[in-house]
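K.L.:
Next comes the sequence, and after it the predicted model I'd like to discuss.
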Amino acid sequence: MSQSNNLSAPLTTPIPGSVRVIRDDAEALAVARELAAEFAVEAARRDRERRLPWAEIERFSRSGLWGISVPKQYGGAGVSNVTLAEVVSILAAADSSLAHIPQNHFYSLEVLRVGGSEEQKSFFFYQALEGQRFGNALAEIGHKDFVRRTRLSPDRKHGGFRIDGRKFYCTGSLFAHWIPTLAVDESGTGWLAFVPRQSRGVTITDDWDGFGQRVTGSGSVQFDDVHVQADWVVPFQASFDSPSTIGPLAQIIHAALDLGMARGAYAATLEFVRRHTRPWIDAPQDKATDDPLTLERVGDLAVRLKAAEALLRRAGRVLDASQSAPDERSVAAASVAVAEARVLTTEIALKAGSRLFELGGSVASLSEHNLDRYWRNARTHTLHDPVRWKFHAVGNYYLNDKLPPRHGAL
């Protein structure tokens, strides 16, 4: 399962001008629907065989969708967060692994928008519009705390910095041209360093073996005395010291992924019941689609799915308003609105994936259908951060007027 950097990964660099530039929200949604129809065809097989989606990723990034959050003043569409979330949901309904891969790409663009210099924004936004993909190297495992141990040290000989450390859950980095890396300096301050994937000392290992989201490239990245230019290092911790929308932006994409998984499982349930399911022996009906208890269970799913969709759209609107005028109150409102959406998208993603088997019956469990991918993917992705703490933040906000903490998980 392991794959080291620079050896066999068929990474290509887009030719300038070969990537579509999407101009507005309507075009972004249309392109997402077109791609989703393509990606859905082989999604079950890619998951079953754990076949890394190299060709699909190239098609995905050249479609222009990876640049839709670039602000208009830098040449992008600057789509609303309502649209960004809907684009992710449309794609996740077709293939949640593929839709998950650019999550940290959009996150990095928001870190740049909030904390980058004008020169950094101009440079990296242009890279995104030209089809360059940003992965991530944020999380670390093997410790009981959340303290980052990857070091950012001055390179006194060549200028710039050196990075040393090991990261895991590096979703998308296997497919990335740049690996935004969270590292701490000598004072413990966090920075986001944009490291070119092909840099000497970078090793990417495809060692993700989770039972869900199998082809997201969420393995390990090792940094051994890796040089990075000073102008590729962006403030990270400082971006959370003041109110910013980095956290709720990251979270709304996660919510959109869960919503898309729920949509995919719901659609699969309808199709399977119509085509394969028999009515239960105690039901007087001849078809499963007329079974009154099946109808009740489908209706329950439909209502919960619509509620999750409505909260996600509302969260996008609140986040849009906060980006336009960020302050303590507006950012807190955005974090809470997104947390509320994440509660429902988490619940419906898991419920839809499970109910697919409840209503599909024993035949739905046959491996030839690979229908368990919906639940496996939802269960894996919803472990990203605990929904119980979403309830805590929401309750504390309304009952005690306590603003939620500012970090990437809220």
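P.N.:
On my side now, so go ahead.
K.L.:
Show me the beta-bridge partners of Glu134.
P.N.:
One thing to correct before we go on: residue 134 is Phe, not Glu. Trp178 (DSSP bridges).
K.L.:
mind checking the longest strand of this structure?
P.N.:
strand 220-228 (DSSP state E).
K.L.:
tell me how far the next helix or strand after that strand is from the chain's mean position?
P.N.:
Under the assignment DSSP states H and E, the closest C-terminal helix or strand after strand 220-228 is strand 233-235. Strand 233-235 sits 22 Å away from the centroid of its parent chain (Cα atoms, centre = their mean, to the nearest Å).
K.L.:
Buried residues in the helix or strand following strand 233-235, which are they?
P.N.:
Counting by DSSP H and E, the next helix or strand C-terminal to strand 233-235 is helix 237-241. Going by neighbour count (16 or more other Cβ atoms under 10 Å), the buried part of helix 237-241 is Gln237, Ser239, Phe240. Glycine gets a C-beta too; all of them are placed from N, C-alpha and C.
K.L.:
again, but for stretch 65-84
P.N.:
Using 16+ other Cβ under 10 Å as the test for burial, stretch 65-84 gives 65-70, 74-84.
K.L.:
What of stretch 284-301?
P.N.:
Ala288, Asp291, Thr294, Arg297, Val298, Leu301.
K.L.:
For the stretch 51-200 of the chain, just list every one of the helices.
P.N.:
Applying DSSP state H, counting those that start in this stretch to the stretch 51-200 of the chain gives helices spanning 54-62, 81-94, 96-100, 103-115, 118-129.
K.L.:
For Thr12, what are phi and psi?
P.N.:
phi -120, psi 150 (degrees, to the nearest 10).
K.L.:
could you measure His158 against Gln198, distance?
P.N.:
Separation of His158 from Gln198 (Cβ to Cβ, to the nearest Å) stands at 18 Å.
K.L.:
Please apply the same query to Ser153.
P.N.:
Taken as Cβ to Cβ, the span from Ser153 to Gln198 is 21 Å.
K.L.:
do Arg304 as well
P.N.:
Distance from Arg304 to Gln198, by Cβ to Cβ: 46 Å.
K.L.:
for Glu186, same thing?
P.N.:
27 Å.
K.L.:
Just send the helices of the stretch 51-200 of the chain back as CSV, with mean pLDDT and distance to Ser220 too.
P.N.:
Output for the helices of the stretch 51-200 of the chain, formatted as CSV (pLDDT from 0 to 100; distance: least, Cβ to Cβ, whole Å):
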stretch, mean pLDDT, distance to Ser220
helix 54-62, 96, 19
helix 81-94, 98, 24
helix 96-100, 98, 17
helix 103-115, 98, 15
helix 118-129, 98, 24
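K.L.:
domains of this protein?
P.N.:
25-129, 151-239, 242-400 (automatic domain parsing).
K.L.:
Now the last one: average pLDDT?
P.N.:
Predicted confidence along domain 242-400 averages 97 (mean pLDDT).
K.L.:
Span of it from start to end?
P.N.:
22 Å (Cα to Cα, to the nearest Å).
K.L.:
when you give positions from now on, start the count at 709
P.N.:
In the new count, where the first residue is 709, that last one comes out as domain 950-1108.
K.L.:
ok now that domain, how far from the chain's centre?
P.N.:
That offset, for domain 950-1108, works out to 15 Å (Cα atoms, centre = their mean).
K.L.:
Verify the contact between Gln835 and Trp886 for me.
P.N.:
Yes - using Cβ atoms under 8 Å, Gln835 makes contact with Trp886 at a distance of 7.1 Å.
K.L.:
which of the two has more neighbours?
P.N.:
Trp886 (23 against 18; other Cβ atoms under 10 Å).
K.L.:
mind checking how far that one is from Leu719?
P.N.:
Distance from Trp886 to Leu719, by Cβ to Cβ: 11 Å.
K.L.:
How about Gln959?
P.N.:
Using Cβ to Cβ, Gln959 is found at 29 Å from Leu719.
K.L.:
who has more neighbours, these two?
P.N.:
Taking other Cβ under 10 Å, Gln959 and Leu719 do not tie; Gln959 has more neighbours (26 against 17).
K.L.:
hmm, back to that, using PDB, write out every CA atom in the longest strand of the chain.
P.N.:
The C-alpha trace of strand 928-936 is given here as PDB (Å, rounded to 0.1, in the frame of the first residue of the first chain):
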ATOM      1  CA  SER A 928       1.700  10.300   5.900                       C
ATOM      2  CA  VAL A 929       4.100  13.000   4.900                       C
ATOM      3  CA  GLN A 930       7.600  13.100   6.300                       C
ATOM      4  CA  PHE A 931       9.700  16.300   6.300                       C
ATOM      5  CA  ASP A 932      13.500  15.800   6.700                       C
ATOM      6  CA  ASP A 933      15.400  19.100   6.700                       C
ATOM      7  CA  VAL A 934      13.100  20.500   3.900                       C
ATOM      8  CA  HIS A 935      13.900  24.000   2.700                       C
ATOM      9  CA  VAL A 936      11.100  26.400   2.200                       C
END
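K.L.:
Which neighbouring elements make contact with it?
P.N.:
strand 869-875, strand 886-892, strand 898-904, strand 910-913 (3 or more Cβ pairs under 8 Å, 6 or more residues apart in numbering; DSSP states H and E).
K.L.:
right, and those - which one's nearest Trp940?
P.N.:
strand 898-904 (4.4 Å; Cβ to Cβ).
K.L.:
Give me the contacts around that closest one.
P.N.:
Strand 898-904 has contacts (Cβ atoms under 8 Å, 6 or more residues apart in numbering) with 816, 819, 832, 842, 845, 856, 860, 869, 871, 885-893, 910, 931, 934, 936, 940-945.
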